[in-house]
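# Provided below for reference: sequence and predicted model.
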Amino acid sequence: MKHHGVAQWVDFARGFTSEPEGSMLREHLATGCPECREALDFCDKLVRLCLAVASNRAPEAVVRNARAIFPIRRPDRPERTIRIPIELIYDSFLVPASAGMRSSWQLGWQGLYRAGDCSLDLRIEPELQSSRAAVIGQISNHTLPETEMANIPICLRSGSLVVAETVSNRFGEFQMEYEQQGRLQLCVYLDGGARRIQVPLKKLVADKHAGRDRLNIGMASGKKRPGVDNR
Ligand SMILES: [Zn+2]
């Protein structure tokens, strides 16, 4: 007896089988084959479940995070991109910390970069008791603020390895969660990938000395941290 594969039963359950294959499958089922009956029953259940689940829309934040986990293939990205010079305009660690300000910045870092016509707003929020962090950002064009900033590819790279990848929403906003590691670079690809903005990502460590959560820049070099008292 010739059985049929699960791929054929999936199509059959979804109603995508054309004739004469459909008649062949029905005839085979009519012989009472238990293996194929079981395969079809499973596919029927799966189809019903998927249809039921598909009617619930996933929250946008969940979709964004899922997209960041699964790299998106972009075969049309040029191999060579021109790197736009960047300038760090604002760094929350360089701002003299007043007693009132301190608590609001305790859990993260915020910075603003200028790169050509564009501004890149970044916020890094480390997860407590974890080496993971989230980077939340917005890319905008400060000379032509009306410029469309949707669907701009953004990724986190460690050397040639892409750690996380996403695209901006219609406001130029993006968010990625990632495992913190040394030498991470955030890349924003403009003009279909012809130009890129590349900025180094600070590695943040939430440590719990002195009885409260303090944030340190995780650097092994022992360099003095500007704007923060050095113990
Ligand atoms: Zn069979």
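Sure thing, it's come through. Numbering: from 1, shown residues only.

# Quick one: mean pLDDT for stretch 190-200?
In this model, stretch 190-200 has a mean pLDDT of 92.

# in that stretch, what's buried?
190, 193, 195-197, 199 (16 or more other CB atoms under 10 Å). (C-beta placed from N, C-alpha, C; glycine too.)

# In the residues you listed, find the pair that's most separated.
The most widely separated members of the buried residues of stretch 190-200, counting by CB to CB, are Gly193 and Val199 (16.9 Å).

# So what touches the helix or strand containing Arg26?
Assigned by DSSP states H and E, Arg26 belongs to helix 21-30. For helix 21-30, contacts defined as CB atoms under 8 Å, 6 or more residues apart in numbering pick out 2-4, 8-9, 12, 17, 36-37, 40.

# Show me just the buried residues among those residues.
Counted by 16+ other CB under 10 Å, the contacts of helix 21-30 give 4, 8-9, 12, 17, 36, 40 as buried.

# ok so, going back, give the buried residues for the helix holding Arg26.
25, 28.

# what's the answer for stretch 34-47, then?
For stretch 34-47, the neighbour count (16+ other CB under 10 Å) marks 36, 39-40, 43 as buried.

# Give me the contacts around that stretch.
With contacts defined as CB under 8 Å, 6+ apart, stretch 34-47 is touched by 3-4, 6, 9-10, 12-14, 28-29.

# What is the most widely separated pair among the residues you listed?
His3 and Arg14 (19.3 Å).

# CA atoms of the lengthiest helix in the chain as PDB?
As assigned by DSSP state H, the longest helix anywhere in the chain is helix 34-54. Extracted in PDB, the C-alpha atoms of helix 34-54 (Å, rounded to 0.1, in the frame of the first residue of the first chain):
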ATOM      1  CA  PRO A  34      -4.700   4.100  10.200                       C
ATOM      2  CA  GLU A  35      -1.400   5.800   9.700                       C
ATOM      3  CA  CYS A  36      -2.700   8.300   7.100                       C
ATOM      4  CA  ARG A  37      -5.900   8.800   9.100                       C
ATOM      5  CA  GLU A  38      -3.800   9.800  12.100                       C
ATOM      6  CA  ALA A  39      -1.600  12.100  10.100                       C
ATOM      7  CA  LEU A  40      -4.700  13.800   8.600                       C
ATOM      8  CA  ASP A  41      -6.400  14.100  12.100                       C
ATOM      9  CA  PHE A  42      -3.300  15.800  13.400                       C
ATOM     10  CA  CYS A  43      -3.100  18.200  10.500                       C
ATOM     11  CA  ASP A  44      -6.800  19.000  10.900                       C
ATOM     12  CA  LYS A  45      -6.300  19.900  14.500                       C
ATOM     13  CA  LEU A  46      -3.200  21.900  13.700                       C
ATOM     14  CA  VAL A  47      -5.100  23.900  11.000                       C
ATOM     15  CA  ARG A  48      -8.000  24.700  13.400                       C
ATOM     16  CA  LEU A  49      -5.600  25.700  16.200                       C
ATOM     17  CA  CYS A  50      -3.600  28.000  13.900                       C
ATOM     18  CA  LEU A  51      -6.700  29.700  12.500                       C
ATOM     19  CA  ALA A  52      -7.900  30.300  16.100                       C
ATOM     20  CA  VAL A  53      -4.500  31.700  17.200                       C
ATOM     21  CA  ALA A  54      -4.200  33.900  14.100                       C
END
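
# for the next helix or strand after that helix, what is the average pLDDT?
Following helix 34-54 in sequence order, the next helix or strand is helix 60-69 (DSSP H and E). Averaged across helix 60-69, the pLDDT comes to 81.
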